[in-house]
Every structure is written in structure tokens, then in C-alpha cells.
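Trainee: Sequence first, then the predicted structure:
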Amino acid sequence: MSLNFTNPGSSGQESGDEYAIFVLWHTESIRAGRVLSGRLRSELTPDSPAVRDFLAAWPGSFASRPGAQGWELLLFQPSPHRERWWLHTLLLLATLFSTFVAGSLLSGRAPLFFQALTLFDGWWVPVPTGLDAGALLAGAPFGLALVGLLALHEAGHYLMAQRHRISVTPPFFIPFPPYFSIIGTLGAFIRLRSPVISRRTLLDVAVAGPLVSFLASLPLLYWGLLHSRVLPVVHDLPGSYLLRFAGERFWLGGSLALSGLARLAIGFSASDQVLVLHPIAFAGWLGLFVTALNLLPISQLDGGHILYAAFGSYQRPLAWLFFLALIPLGFLWAGWWVWAVLVYVVGRGRVEHPPLFDAERGLTRGRRALVLLAAFVFLLCFIPVPFRF
């Protein structure tokens, strides 16, 4: 750790000239990089030319806030790092394979051949022994569509983080055995190496992913609906949207966005018709569903970041309100209880958002409009009962 102080009257040291905009400053080396905190000279503000030049040359993220004795700055410079591109590529290829297999099963094909391996006391495990390349390629449209949506979601976060000079990893894709999951993946994520220290920056990074995935899901869903099959209702059924997977039937819930697009694309009426979804339509449905999950305004989800960016410390009671709302929703679909536990564990027992350095300054008018847009997208995509069997 290094601790340095300077003031306008000091001279003769290069570090004093370098940080001449500060009346008091402090640098600290941490594992993730270097932190510089300082108080500007009384005649300076973040909009002063000297300060703007200093910030333009700073190789990392920064934020400012008004203090009792003048403007305060906090700046972070990440440590140099080497990306593990081999790992990101391997995870991407594995996720493409698992989603291709899932897409093949959605298309009524079986791409893998299995043989039972006997263990003990009648227990056995299926071991893959062969691959039908033609059946696997039949699942490519679904796999490419789903992985593409996940990639675009993370790209929204990634590019906006880089725009704010936040060090961030490429996306980590998570493959999952498609015979235990009808989609073949647990999603994707990126990891921020730099702290987010401003509510405005937090909003920009958090809202970019869901908005991109929402916009990308709509044309996929529309195309898939055009190629889905409409059947008449002959008796009472548990839903209006049917999905076939490896010979099993799953009923999907309908969001406002899905209902509107289905009526627009094919004139579908959920009251007296059943829609058998094309795999691409299911990929679009998943894009909207994942967008809604990420926009839940709790903890470290995108929606939790957006809620904190919008309301600051007032976010805490609102976050708990939304979190507790998952309990009655769980009586409609038990997955909400699972999601609540996961969010609570990942947040290390915190539902509210941790405080930021620049937590007092509110949002600009344009950013307040983004908050309202995110809330509107959440309402369009939210499904109280996503799955029925």
C-alpha cells in the first residue's frame, strides 16, 4: 500500500505534479488493481478542463460525488491480466453441443446412442456409445438461436462495461446434459474485475443485457410462431402452448409479449386453440423468460441493480417486497421457490444491493426513461406459471 498527500503549494515531486488537481489524495494497491481516491481543489469540479483531461487519461473506471469540503473522486485501475480464451472457447463448444442435442430432441430426433453400464444392486448409468450426425444437425437451429441469445445478452453487459472502462471477462457459457434439461444449458455469465462505483454506471451496465436479449428474442419468436402448428381444442387442457421433447409433452405459460406476437403473426387465440411451438419459437420464448428472470428486482440480478440505481438506499424495502412475493408465486410454480433460494445463496444472504461510492446523485432524465423501459419489458416478459407437465 502507498499513501501520498499533496496540496497546491507542494512542489518538486513528480507525483505532486501528476495529481495536481487534488488537494488530498490516496492510492492503494489491492489484488484486483489500484485504487485512487482524492478530493479536488476547491476551485475545480468534474467538469473543469484539467479534471476532464485527467479522467480521459485514466486507464480505468471512475466516479465523482460532492463532499462537504469539495468534490471527491474515486478511480480504479485494474491489474493486467491474460484471458483464458481456451476455457471460454471450450465452454462455448460444449454448450453448443448440449443445446444441439436438446434441439434434436425437440425436433423428435435422438442424436445419441446409449448403453447401460451396470454398477451394483441393480443400479446403472447410461453411457453414450454413438452419435447420429444428421439428427444432431437437426438440433442446430435451436442450439444456435438459444446460444446466440445468451451471447447477445452478455454482449450487452460486456460492451457497456467496456464503454465505462470496467474490466470484464468474456462470457462463461454453462453446458448441461440435455437429458436432464430440455434446453441443454444453465445460461451464461460474465465477471466484472473492476468495481462498479456509480449508480449511473450501474444502470447502464445492468440494463444493457436484458434490453438486447429482449429485442433479439422478438424476431426469433415471431419467425418460430409462423412455423408452429395450431390445433383446435377438443377438451380441457392445462395450457395453450405445447412443447414436445423426447416424446414427452410440456405446457408453457404465455407472457403478454408471446400472446401479442402469436395473435399478430398467426391470429392465434388461446381461448379455443393450442399452439405446438416450433423449436425456434421455444428459443424465443426462452429469451423472453430469461429476460424476465434477470429483471427480477432483487439482490445481484440485473433487476436488483436497476432498482438500486433508480432508488438508491430506498431499494432495500422494495427488494424485500419483491423477494417475499416469490413465496406465494411458488404455490403456482415451485420453481420460484428454487429461484428464491438460489438468489439468496448467491447474494450471501443479502436481498438488498450493497452501497456504492456515488450513491447519492440521482439519474439523468434519459436514464430514468431506461428504468421505466426495463420495468415495461419485465411486465411484457413475466410469466407467473412458466411450465406445466
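Mentor: Yep, it's here.
Trainee: give the contact list for L356.
Mentor: Contacts of L356 were listed using Cβ atoms under 8 Å, 6 or more residues apart in numbering, and they are A63, V196, I197, S198, R199, L202, Y308. Heads up, the C-betas are built off the backbone N, CA and C, glycines and all.
Trainee: Narrow these to those in strands?
Mentor: Residues of those located in strands (DSSP state E): A63.
Trainee: which stretches of this protein form helices?
Mentor: 14-18, 49-57, 85-106, 133-138, 140-163, 199-226, 256-266, 279-294, 302-311, 315-329, 335-346, 365-381 (DSSP state H).
Trainee: what mean pLDDT does the first one have?
Mentor: Helix 14-18 shows an average pLDDT of 56 in the prediction.
Trainee: Counting neighbours, what do you get for G335?
Mentor: 15 (other Cβ atoms under 10 Å).
Trainee: State the distance from it to I197.
Mentor: G335 is 34 Å from I197, where distance means Cβ to Cβ, to the nearest Å.
Trainee: Out of the contacts of L356, flag the one nearest to G330.
Mentor: When the contacts of L356 are compared for distance to G330 (Cβ to Cβ), Y308 wins out at 24.6 Å.
Trainee: which residues touch that closest one?
Mentor: Per Cβ under 8 Å, 6+ apart, neighbours of Y308: R199, L202, Q315, E352, H353, L356.
Trainee: Tally up the residues packed near the residue nearest to R199 when sequence neighbours are not counted, please.
Mentor: Take R199 and drop its neighbours on the chain: the residue closest to it by Cβ to Cβ, 6 or more residues apart in numbering is A309, 4.6 Å away. As a burial measure, A309 scores 30 neighbours (other Cβ under 10 Å).
Trainee: Just to check, A309 is in contact with G362?
Mentor: No: using Cβ atoms under 8 Å, A309 makes no contact with G362, being 9.5 Å away.
Trainee: joint contacts of the two?
Mentor: R199.
Trainee: So, low pLDDT: which residues of the stretch 51-200 of the chain?
Mentor: Within the stretch 51-200 of the chain, the stretches with pLDDT under 70 are 116, 121-122, 124-125.
Trainee: List the buried residues for stretch 290-307?
Mentor: Applying a neighbour-count criterion of 16 or more other Cβ atoms under 10 Å, one finds 290-307 buried in stretch 290-307.
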